[in-house]
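Participant: Below are the sequence and a predicted model; questions follow.
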Amino acid sequence: MITLTDNALEAVRSAITGAPQSVEGLRIMVEAGGCAGYKYMMGLVAEANPADVVVERDGIKVFLEQDSVPLLVGTTVDFVSGIEGAGFTFENPQAQSKCSCGKSFG
């Protein structure tokens, strides 16, 4: 379905540990927008929505918005650090194209 690399897993775990309020997991969804047609949206959430698809790895829960699942199948989420900063990246086999920032795809 969707995979978090070890780096992404540790980044999410660190964010959850440092969150000021109780967090159940990470929510990932796709919305229309961005420079390539769709954009990835993600954030920590206190609970899943009833229709979410739940993926769990090493105690970290990822909640996928049900309508986004077809656009996320096979996606690998990584967390990278570099000269230009740090952040999550998405390797999505469903994407026909993507923008240079890697945050949107078509």
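Facilitator: Good, I have the coordinates. Numbers count the residues shown, from 1 in each chain.
Participant: The closest residue in space to residue 58 that isn't next to it in sequence - how many residues pack around it?
Facilitator: Leaving out its chain neighbours, the residue that sits closest to residue 58 by Cβ to Cβ, 6 or more residues apart in numbering is residue 9, at 6.1 Å. Every C-beta, even on glycine, is put in place using the N, C-alpha and C of the backbone. As a burial measure, residue 9 scores 20 neighbours (other Cβ atoms under 10 Å).
Participant: For residue 9, which residues are in contact?
Facilitator: By Cβ atoms under 8 Å, 6 or more residues apart in numbering, the contact list for residue 9 reads 57-58, 60.
Participant: Show me those that map onto helices.
Facilitator: When the contacts of residue 9 are checked against helices using DSSP state H, none is located there.
Participant: Which ones among the residues you listed map onto strands?
Facilitator: 57, 60 (DSSP state E).
Participant: want to throw the contacts of residue 9 into CSV with neighbour count?
Facilitator: CSV is the format used below for those (neighbours: other Cβ atoms under 10 Å):
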residue, neighbour count
57, 14
58, 9
60, 16
